[in-house]
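# sequence and predicted structure, then a few things I'm wondering about:
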Amino acid sequence: IETIEKYYAKINDRDTFYKNRIWFQLMKAKFYSTNSNEAISYFEKTADSQPKNLLYYRALGYVAGASYQKGDFNKSNVLFAQIFNDVPKLRNEALYNFKPVDKATFQKQLAIATPIDQKAALWAIYGYYNDEFEAMQEIYKINPKSEHINFLLTRWVNLQEEAINVYQEKAINMPGSYHKEVAKAIDQKQFKWINEVASKPENLQNPELWYLASGYLNIFQGEFKQAAQLFSNASKANKSN
């Protein structure tokens with residue numbers, strides 16, 4: 001590590017591309033050393049001189065990882081949320097390394113996250129591990145145009161599908177009662193909220209997705225005209241984009 005650090009110090013400042021990559025290798029070496037805390041202190045000392053590219057966020061991931069290793073989950077989770085929000089390429093990694101916590105601890109982490117987008121990202125990851133519907137509602141309050149609410153919507157629809165599929169065999173034997181049975185499976189209070197949000201497309205980042213979700217589940221309610229109208233709205237939204 002000392003050898004790399006001395007080499008890094010000698011690189012001409014004008015060679016930004018190369019110097020940035022050696023900086024990242026130094027961060028990586030510090031993280032995998034016997035004292036990963038050095039990755040945290042070195043990042044804090046040098047990060048402002050680096051471009052905020054993919055390597056920067058991968059290095060930030062080392063800081064989050066080092067914080068995780070020493071049990072500072074408040075810091076690590078907030079940093080993973082920042083990575084999740086800022087770099088789509090690293091979202092799977094950030095989601096996987098996030099430490100699921102109880103509600104009280106999560107509220108402390110929310111208080112640490114100051115940018116609105118970072119709070120929305122925290123809710124998105126927390127919702128993935130705990131309650132996707134609550135997280136959707138909270139993100140909608142913070143910023144309804146956040147793209148993270150879309151991620152949770154798709155997960156919510158998947159869970160409703162799982163509930164619907166329980167009644168598939170019964171529907172074959174008693175097709176007339178199919179929609180009544182499905183209505184019991186789908187959370188109607190939650191579905192009502194989904195429909196209300198979809199009815200206000202101007203508030204959303206991706207109204208097409210919400211039209212599709214609402215229309216799709218309206219089919220299972222036997223509301224075919226409503227579903228057709230929502231699919232038409234989704235088509236129009238797609239063309240306008």
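The structure has been received and is ready for your questions. This is a predicted model, so every value here is computed, not measured.
# check which helices and strands the helix or strand containing L110 sits against.
Secondary structure assignment for L110, by DSSP states H and E: helix 103-112. With contacts defined as 3 or more C-beta pairs under 8 Å, 6 or more residues apart in numbering; DSSP states H and E, the secondary structure elements packing on helix 103-112 are helix 73-86, helix 116-129. Quick note: C-beta positions are derived from backbone N, CA and C, even for glycine.
# what's the next secondary structure element after the worst-scoring helix or strand of the chain on mean pLDDT?
The helix or strand with the lowest mean pLDDT-type score in the chain, counting by mean pLDDT, DSSP states H and E, is helix 168-173 (a mean of 55). Using DSSP H and E, the helix or strand that follows helix 168-173 in sequence is helix 178-185.
# Y216: how many residues sit nearby?
The local packing of Y216 (other C-beta atoms under 10 Å) involves 16 other residues.
# wait, W210
A count of neighbours around W210, defined by other C-beta under 10 Å, yields 26.
# got it, and the one 4 residues further on?
Per other C-beta under 10 Å, the neighbour tally for S214 reads 26.
# now it: closest residue in space that isn't a chain neighbour?
With C-beta to C-beta, 6 or more residues apart in numbering as the criterion, S214 has its nearest non-adjacent residue at 4.1 Å, and that residue is A198.
# then A124?
Once its chain neighbours are removed from consideration, A124 has its nearest residue in H148; the separation is 3.7 Å (C-beta to C-beta, 6+ apart).
# check contacts around that neighbour.
With C-beta atoms under 8 Å, 6 or more residues apart in numbering as the criterion, the residues that contact H148 are 85, 120-121, 123-124, 139.
# can you lay out the helices and strands packed on helix 103-112 as CSV showing mean neighbour count, distance to F17 and mean pLDDT?
As requested, the helices and strands packed on helix 103-112 are exported to CSV (neighbours: other C-beta atoms under 10 Å; distance: least, C-beta to C-beta, whole Å; pLDDT from 0 to 100):
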stretch, mean neighbour count, distance to F17, mean pLDDT
helix 73-86, 23, 21, 96
helix 116-129, 22, 28, 95
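# need those in TSV (columns: distance to I40).
As requested, the helices and strands packed on helix 103-112 are exported to TSV (distance: least, C-beta to C-beta, whole Å):
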stretch	distance to I40
helix 73-86	9
helix 116-129	19
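# circling back: got the angle for the helix holding L110 vs helix 73-86?
Computed with axes from the mean of the first three to the mean of the last three C-alpha atoms, to 10 degrees, the direction of helix 103-112 lies at 60 degrees from that of helix 73-86.
# what does helix 103-112 rub up against?
Identification of contacts with helix 103-112 by C-beta under 8 Å, 6+ apart yields 73-75, 77-78, 81, 101, 119, 122-123, 126.
# could you give the mean pLDDT of it?
Helix 103-112 carries an average pLDDT of 94.
# and that helix, how far out from the chain middle?
Helix 103-112 has its C-alpha centroid displaced from the chain centroid by 17 Å (C-alpha atoms, centre = their mean, to the nearest Å).
# now it - C-alpha only, PDB.
Coordinates of each C-alpha in helix 103-112 appear next as PDB, following Å, rounded to 0.1, in the frame of the first residue of the first chain:
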ATOM      1  CA  LYS A 103     -38.000   0.600  12.100                       C
ATOM      2  CA  ALA A 104     -36.500   2.700  14.900                       C
ATOM      3  CA  THR A 105     -33.000   2.200  13.600                       C
ATOM      4  CA  PHE A 106     -34.200   3.000  10.100                       C
ATOM      5  CA  GLN A 107     -35.700   6.300  11.200                       C
ATOM      6  CA  LYS A 108     -32.200   7.300  12.500                       C
ATOM      7  CA  GLN A 109     -30.700   6.500   9.200                       C
ATOM      8  CA  LEU A 110     -33.400   8.600   7.500                       C
ATOM      9  CA  ALA A 111     -32.400  11.500   9.700                       C
ATOM     10  CA  ILE A 112     -28.800  11.200   8.500                       C
END
